[in-house]
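# here is the input, now give the coordinates:
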Amino acid sequence: MTAAAQAGRRLHGKGHAPEGKKCHHLHEYGLDCWEYEELRTRANECCEICGVGEGAVYKQLLHIDHCHETGRPRGLLCPKCNAVMACYDGRKRWGANRRWEEKAALYVALFRMWRAYGRATARMGTTQVDDMIDHIRATIRKHGNQQDLTDLAAGEQELAARRARKGGRPPRRVS
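Prediction:
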């Protein structure tokens, strides 16, 4: 869907406000519904530090972590890891959370790299996802064994099938 078409549409469901109300992610962080869903997709609906699923946290929603210097959202975190980031950013004392400091530093570094990668791919006229898929294909073709090549072919078929369907959604499974 084009950016213009997305701009006029709101999403409903997990993490989105009911009709007539402003979504928290828009009100607090300036993220439209599509940007918020990109974060959820990137995180695979799990905390980006510890990997706990959003179904296992309070209200079954991950927190939107943001850089307090720039105000820009970094990703989605469980409440515990969000508290770790408050320590990492210097807004809280470390205490028992100190053991998570290395993971917090890696998370921030990856956020910065992902943002820089997005700018670089935009200058190349592509997207991060398309560039990564091309890189993954090339790596598997160069270094993969027969099983890897078989999995690559199956993945290519799934991508082609998704792109052929309207909206890219998988077909409904009948129980």
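# show me what contacts the residue nearest the centre of the chain?
Residue closest to the average C-alpha location in the chain (C-alpha atoms, centre = their mean): Arg42, at 2.1 Å. Neighbour list for Arg42: Glu48, Gly75 [criterion: C-beta atoms under 8 Å, 6 or more residues apart in numbering]. For every residue, glycine as well, the C-beta is placed using N, CA and C.
# do you know how far it is from Ile140?
To Ile140, Arg42 is 21 Å away according to C-beta to C-beta, to the nearest Å.
# circling back to that earlier point, just the pLDDT for the residue nearest to the centre of the chain.
pLDDT for Arg42: 84.
# again, but for Ala116
Looking at Ala116, the pLDDT reads 92.
# what's the burial count for it?
By other C-beta atoms under 10 Å, 10 other residues sit near Ala116.
# let me know the helix or strand that it is in.
Ala116 is located in helix 101-124, with elements delineated by DSSP states H and E.
# and the next helix or strand after that helix, average pLDDT?
Sequence order places helix 128-143 as the next helix or strand after helix 101-124, per DSSP H and E. In this model, helix 128-143 has a mean pLDDT of 91.
# how about stretch 88-105?
The average pLDDT within stretch 88-105 is 87.
# any idea how far apart the tips of that stretch sit?
End-to-end span of stretch 88-105 (C-alpha to C-alpha, to the nearest Å): 8 Å.
# just the strands in this protein please.
Along the chain, counting by DSSP state E, strands occupy 63-66, 73-77.
# in TSV: the ones you listed, plus mean neighbour count.
What follows is the strands of the chain, written out as TSV (neighbours: other C-beta atoms under 10 Å):
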stretch	mean neighbour count
strand 63-66	20
strand 73-77	22
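# and the ones you listed as CSV, adding mean pLDDT and distance to Gly95?
Formatted as CSV, the strands of the chain follow (pLDDT from 0 to 100; distance: least, C-beta to C-beta, whole Å):
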stretch, mean pLDDT, distance to Gly95
strand 63-66, 90, 19
strand 73-77, 90, 18
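# right, I'll call it a day here.
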